Every structure is written in C-alpha cells, then in structure tokens.
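Chemist: Provided below for reference: sequence and predicted model.
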Amino acid sequence: MTKKDKLQADLEGLVKKWKDKKGNLIMILHSIENIYGYVPRETSLKLSRLLNVPLARIYEVITFYNYFKLEPPGKHNVSICMGTACYLRNADSLIEEIEKILHIKEGQTTKDEMFHLDVVRCLGCCGLAPVMMIDEKVYGKVKKNEIVDILSKYVKEEE
Amino acid sequence: MQKKIIYLRDTDSAQQDRINDFYTLFSNELRDANLQEPVQLVKIADIGLYEKGITVKILPENIVYSGIKNTDVKRIVEETIKGNKIIKELLYEKKSKQMRAVLKNCGYIDPESLEDYIAAGGYKALIKVLLEMKPENVVEELKKSGLRGRGGAGYPTWMKWNFARGMNSPEKYVICNGDEGDPGAYMDRSVLEGDPHSVLEGMIIAGYTIGSSKGYFYIRAEYPLAVERVQKAIDQAVSAGLLGNNILGSNFNFELEIRLGAGAFVCGEETALIASIEGKRGTPHPRPPYPSVKGLWGKPTIINNVETLANIPKLIAGGGAKFASVGTEKSKGTKVFALTGKVKNSGLVEVPMGITLREIIFDIGGGILNNRAIKAVQTGGPSGGVIPQEFLDTPVDYENLSKLGSIMGSGGMIAIDETDCLVDLAKFYLKFCVDESCGKCAPCRLGGYQLLRILEKISEGNGELEDLNKLKKISYAMQKASLCGLGQSASNPVFSTIRYFEDEYKKHIVEKKCQAGKCKALIYFKIHPQKCKKCGLCMKNCPSSAILGSREAGYVIDPQKCIKCGVCFDVCKFKAVMKE
Ligand SMILES: Cc1cc2nc3c(=O)[nH]c(=O)nc-3n(C[C@H](O)[C@H](O)[C@H](O)COP(=O)(O)O)c2cc1C
Ligand code: FES
C-alpha cells in the first residue's frame, strides 16, 4: 500500500477523533501533515466529504498557513534559519551555499527527492546562530565550508 | 568520587599572566587534597563570560564561580569539590543584574513533574484564589500590581480581565497566546517548556476571575516540545483535580485544550488568532468589537501572552503591592528578553523594569563581540524600531521605548554593531512583514510591497533623495490606515532607522556606499598589491573567473565579471583582498 493509499484509509479514524470539536479543521490538517509530510489533493477531497465542508474552504486554509504543504517533501528536510539572530550572523551565505551544492532553491526538492530546502524563521536556538536543521537534528554555529560534509553524511547513510 | 572537569579562565582582558599563577595554585590545592586523579583542571580560551575576573566552571554540575580570589581556592576544593556544596557568594548568577521571577523555576525544576512545581510553591495562588478571593478581589490585586501585557502592547491586564468579567454571558473563553511570532525571540517557548504549570495556573485563575469554564492554549506548531509538555501538564492537572469539575472542592469548573498555530505571524494578532482557533484562515477583523466583548465563537474572550500569565501565580501569592515594588512608575515587575545579535553572551535574560539598555547589553550580555562599537539596539522585532547608541542609558519601560520610536514588544532584543547596515536591517524586517501580510487590507498589502521596492532600489545603488520622503509618506499611511497591528507597525523599522540613521541612507543614495559592506551592489572587491603574496588561491576559487593575472604578475579583479560572492575575501590567507 502506498503512503497515499494508507492515508486515505486512516483518514476516517483521524476525523472521528476531532469530529465533535468546534474549529477542528486545522487540527485535522496538522495530524495529516505530521504523519505524511504533506496534504495530498485526494485527501482534501475526501476530507471535504467527511466533514461536509467545501473543498475551497479546506484549500483556503492549507494555502494560508506556511506549515501545510501540497507537495511531498524530500527524504531529508533541510531548514536554514533566517530569523534575526541568524540573519545577523550571515545565514544568507549558508543558503547560497546549499543552493549551489544541491542545485535547488528555497522550497524545492532535489530531483532524486533526497533533500528539500526550506528557509524558516527562528528555530528558537538563537544563541547558536546561524542555525541549520536537518530533519530533527539541529546544527548550530554552522560555517559555510562545513555544509558539504554535513550533507554528504546523509547521502552516505543511504548507500 | 565522580570524575570532574574544572575549566579556568581569566575573563579580564588586561591581565595576561594571572591565570598561570592561579592554575598552579589550584593544582597544588588539588594535589594536597589528593584529588588530582578524579579532577581534571583545564585552562580554556573562552568560558562565555567577560570582564568578570577569574572564572571557573565545574562540570558535570555546571557550577560557575566568578571573581575568584586566590584565597577562595581552598574553599572551592574543600566545600564544592569534596563536599558537593555550592558556595553562594561566588556563584556567577547571584551577582548579575538579572532578577528571575518568571524564569525562576526554568531549569531548576523538572517541567514534567507536578510535584516539583508544587514543592516550589506552585498552585498556592490558585488555592488562595478559590478559597479566599472573589473575582473582584483578583482584579483588585492585579490593579494594585500594575501588571501590563507582555505580548507587545502593554495593555493593563486588570482592565482586560475586568471588562470580560463584567460581560453577561454564560460562555466565555480564556486564550493563552503562545504564537511567539517575532523571529529571533524565544521567551515564551522557554517558559512553556521549562515551567508549563505556571502558565496553566495563570489561566485557571483567569478563568475563575472572568467566569469562564474553557481555555485554549494557542501554541506554534514549530514548538513540539512545548506542546508536549503543556499537554502533559494539562493531563497531570486533570488527574490532580486542578482542572475539570469542582476544582479543589469549589463550584468552579474549568477545562483546557491545546490548539496549534501553523506558521503565520499574523495569527499572533488577537482577532486573527481567534479566527485560527475557529479553524479558519487567520485574517484579522476590525476592532471594536474587542474580543472581550465578542471573541471566540462570538463570546467574550480574553487573550493573554504566555509571560503575562506566568506572572499571575507569583503576583497573587505575594500580593499586588509586592509585585509593584519592582519597576518604574508605570511599568511594574520584570521582563524577559531574548538577547541576541552581536553580543558576547546571547541568551534569555530577565531583568527588572527600569534597568538601562546599557546594563543589559554590557553587564549582562558582556558587551559586543570582538569588542567592536555598538551602533544600536533593536527591540520589538518586526513591529519595533532601533534605538541608537546615544540612548543606551535609557531605563527600559513601555513609555520610554515608545518615546524613542520603538516598542517593548514581546521581548526580542538585538544588539547591532558597526558592521551591520541599517538599510539592510530595515529591508530584512520589512520583507518579513510583506511575506506575512495576510493581504486583506490594501495599505498593508500594497504599502509594504512599495516600501520594500524602494529599499531594494536604494540598496542596489539606484536610490534618489526623493525616495526618503516617499518612504516616510508610505510608512505614515500604513500606520494610520492598516486594519491590524501587523500593517500599522510594519513600517516601524523603516521609520525608526530613517529617524536616527538618515545619514546612512544618504550615503547609500548619494555616495552609493554601504559602509558596513552588507549591500552587495555597493561594495567592491580589490586586491591590495603590496599584501598579495601571489599564491593564486583567489583565482582558483573564483566562481566567475573574474580574477585575472598570474603568479608572476600578481592578480587583479575584473569588476565587470565580479559577482561579489566574497569567496576571494574568505579564502585569502594574507588579508590582501579588500572589501570597500
Ligand atoms: C502582528 C501581530 C503579532 C503579534 N504576535 C504576538 C505574539 O507572537 N505573542 C503575543 O503574545 N502577542 C502577540 N501580539 C499581541 C497580541 O495581539 C495581544 O496583544 C497579546 O497577546 C495580548 O496579551 P497581553 O495583554 O498579555 O500582552 C501580536 C500582535 C500583532 C498585531
Ligand atoms: S534566529 Fe535563528 S534560531 Fe532564532
């Protein structure tokens, strides 16, 4: 069963848990996003039927909030912080470096679906600025020339 | 005995040899006490403190002593290393100008333990409120305390609660605003993660006071640990009878639920936050009606910031008058700041209101990195402004900061040094607000974009003097005509940088120069022929083949081809590449 099929099957359980609560849409989308990393169109369609709200209402919410994605993420999610502390410690040069190495721009996924690059605002560890996060792991005080090594570790793991 | 490591460092920059003598003394003491084996003594180059005398850090306990005299060494060995006792007079924190009230428990109690919180005096205030106080008494105490909202605007908390209390409605709501949108600030996160029960207690008291039986935590989804800990705290409180029906035997019922934010700055604004909890797009609505009249699901609602609520238990337990004994005339209590930017010790600091900016940056923050000159302090994040170095001696309170054209904000505080460009900084904040504008009202949606375009034009070297007037005019229009706080304050960074640093703007516009070297279009790289050792490293690394020459003739940069990436500047080992 693909991830998507599984999501379709699980959806009813998810919805049941929230069905009777007021203002549940965002929380349901969170549960979907947390498990699958994005909200596929089929899921939104089904959700619209289960909750009896128009698809447009659901899309209106998904597209408003940065947290919800319509496209599948890469295997590893690279987030570079551009919060104020990180900005002042030259986080932009890290972004440039990663864009150069991976040949993708912010918000894109590499062709092999290995890395997805996001620019985020403040990961809440400003003391370690500039900060980069790959999946759940935080890298602090990152130097431009360390990035290649860090990324290649993830590629090697896959092999 | 457990193995220990002791780090030594002389944090006074002037005295070079002192540390060696101190090291000898310390190791002799350890030898005499027969502790050389389990204790390792290490001199290190940076201990995170500055100008605080000789400092030692004892690991794994992480005890930091500063300002140590030779005569203290024996005591440290005897009492702390052998006896595992902390010597209070030598502790670094004790001497600092910080005053921990909201953060008192953070890092000292186990945030996942209700027992720990209670042992530290927690839920005493709630018991007092439920057993001894009427809602109007709580309001009275709040009024006496002078507590004002810590989320930004500084609205008196007692007034907000009193309005909602006076509304005649069977359904009312309490919301904790844990959206913490200011990029570069993490006070609320630390409180939610470090002492969640204190916020819970504040909310339950709020519920009792206004006559509400349901509260919501609105927390950023980017803070998963905070969400987890708050949920745990709620579950514990339910089991202990601190939430639910007939709390502590009274006839007061209250329940709490978490709702997650989803990455939208505007959702920190009250009416947008309410829309978001209702499961809708987070677009703001015009006020009035204020949430205390018509809020969540159309019912009276109070929204308070995390730090405001965390202040409540101590305020009630100790009484309003005690709370009001700290601070300035109109701003009482303490404030937590996330001190970042170009300071040596960045981190969370909690200070009494009325402390000066200079004390925060220099005495607590240790001064500016690499001992460069400070240029300004930014407070209030994207809604705030810059305060130039001339005003560093201003006491920090709501009135003073807004007089200077900035705001207290939720607690972001950023030190800016001479290597930072203020045009670039204004652009950075503005870009944030343009990205985050919800698009509902035109002044914010269009004005922000136009401001950004003008700033970009200036930083690319195409600015005209007339642009300064345009910036001011658009800023003014946005302040007056935007629908919500986001648009009304989005131009503050622009306004305030022009107010104090018009010269810097003019340098960009007239001389086409960026002194800080941040605006790429206005800097040029050059190779200094005397300093160049002709190694060729720069030419090898240049991604755009802009460096010409040979090992015999030396190298020059072709300005037409140069893309100003700065690689040559970074790789040159002889500092022969200059940025100007
Ligand atoms: C654009 C915008 C963003 C805001 N972000 C936050 C925030 O992240 N956290 C917060 O507590 N208040 C934020 N506020 C202020 C809230 O609207 C509100 O005033 C505050 O939560 C009230 O609580 P207080 O009285 O305890 O300060 C924001 C306001 C605006 C206009
Ligand atoms: S600004 Fe990057 S972690 Fe806060």
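Modeler: Looks like it arrived, so ask away. Residues are numbered from 1 along each chain as shown, chains lettered A, B, ... in the order given. Ligands and ions are numbered 1, 2, ... in the order given.
Chemist: quick one, what contacts residue 22?
Modeler: Let's take chain A. Counting by CB atoms under 8 Å, 6 or more residues apart in numbering or on different chains, A:K22 makes contact with B:E278, B:G279, B:W297. Quick note: C-beta positions are derived from backbone N, CA and C, even for glycine.
Chemist: I was after chain B.
Modeler: B:L8, B:D10, B:I54, B:I68, B:N70, B:V73.
Chemist: if I read this right, the third one contacts B:D10, doesn't it?
Modeler: Yes - counting by CB atoms under 8 Å, B:I54 does reach B:D10; the two are 5.3 Å apart.
Chemist: With the flanking residues excluded, which residue is spatially nearest to the one residue sitting closest to the centre of chain B?
Modeler: Residue closest to the average C-alpha location in chain B (CA atoms, centre = their mean): B:A338, at 2.3 Å. Nearest in space to B:A338, with sequence neighbours left out and distances taken as CB to CB, 6 or more residues apart in numbering or on different chains, is B:A185 at 4.4 Å.
Chemist: domains for the chain, by residue range?
Modeler: By default, I'm working from chain A. By the assignment in automatic domain parsing, chain A contains the domains A:3-64, A:76-158.
Chemist: hm, I was asking about chain B
Modeler: Annotated domains of chain B cover B:4-90, B:114-324, B:334-417, B:422-511, B:524-579 [automatic domain parsing].
Chemist: between B:I54 and B:D10, what contacts are shared?
Modeler: B:R18, B:I19, B:F22.
Chemist: The second one: how many residues sit nearby?
Modeler: Meaning B:I19. 16 (other CB atoms under 10 Å in any protein chain shown).
Chemist: follow-up on the earlier one: just the shared contacts of B:I54 and B:D10: which are in strands?
Modeler: Within the shared contacts of B:I54 and B:D10, no residue falls in strands by DSSP state E.
Chemist: wait, does stretch A:49-56 contact chain B?
Modeler: No - with CB under 8 Å from any CB of the partner chain as the criterion, chain B is not reached by stretch A:49-56; the gap is at least 9.2 Å.
Chemist: Give me every residue in contact with that stretch, excluding its own residues.
Modeler: A:L11, A:E12, A:V15, A:K19, A:N24, A:L25, A:I28, A:S44, A:L45, A:S48.
Chemist: if you set the cut-off to 7 Å instead, what comes out?
Modeler: Outside stretch A:49-56, the residues within contact range by CB atoms under 7 Å, 6 or more residues apart in numbering or on different chains are A:L11, A:E12, A:V15, A:S44, A:L45, A:S48.
Chemist: who touches whichever residue of chain B sits closest to ligand 2 in this structure?
Modeler: As assessed by CB to the nearest ligand atom, ligand 2 sits closest to B:G184 within chain B, at 4.4 Å. B:G184 is in contact with A:G83, A:T84, A:A85, A:C122, A:C126, B:A338, B:T340, B:G381, B:G412, B:I414, counting by CB under 7 Å, 6+ apart.
Chemist: Over to it. Which of the three states is it?
Modeler: The assignment at B:G184 comes out as coil when based on DSSP: H, G, I helix; E, B strand; the rest coil.
Chemist: How about B:N177?
Modeler: Under three-state DSSP, B:N177 comes out as strand.
Chemist: mind showing which ranges of chain B have poor pLDDT?
Modeler: Counting by pLDDT under 70, chain B has low-confidence residues at B:1, B:13-16, B:48, B:50, B:93-95.
Chemist: Quick one: name the residues of it near ligand 2.
Modeler: By CB under 6 Å from any ligand atom, the residues of chain B that approach ligand 2 are B:P183, B:G184.
Chemist: Contact residues of chain B facing ligand 1?
Modeler: Residues of chain B lying near ligand 1 (CB under 6 Å from any ligand atom): B:149-153, B:155, B:177, B:179-181, B:265-266, B:268-270, B:303-305, B:308, B:410, B:484-486.
Chemist: Just the buried subset of those residues, please.
Modeler: Applying 16 or more other CB atoms under 10 Å in any protein chain shown to these, the neighbour count classes B:149-153, B:177, B:179-181, B:265-266, B:268-270, B:303-305, B:308, B:410, B:484-486 as buried.
Chemist: still on that earlier bit, most tightly packed of the domains of chain A?
Modeler: Across those, the average number of neighbours (mean count of other CB atoms under 10 Å in any protein chain shown) peaks for domain A:76-158, which reaches a mean of 18.
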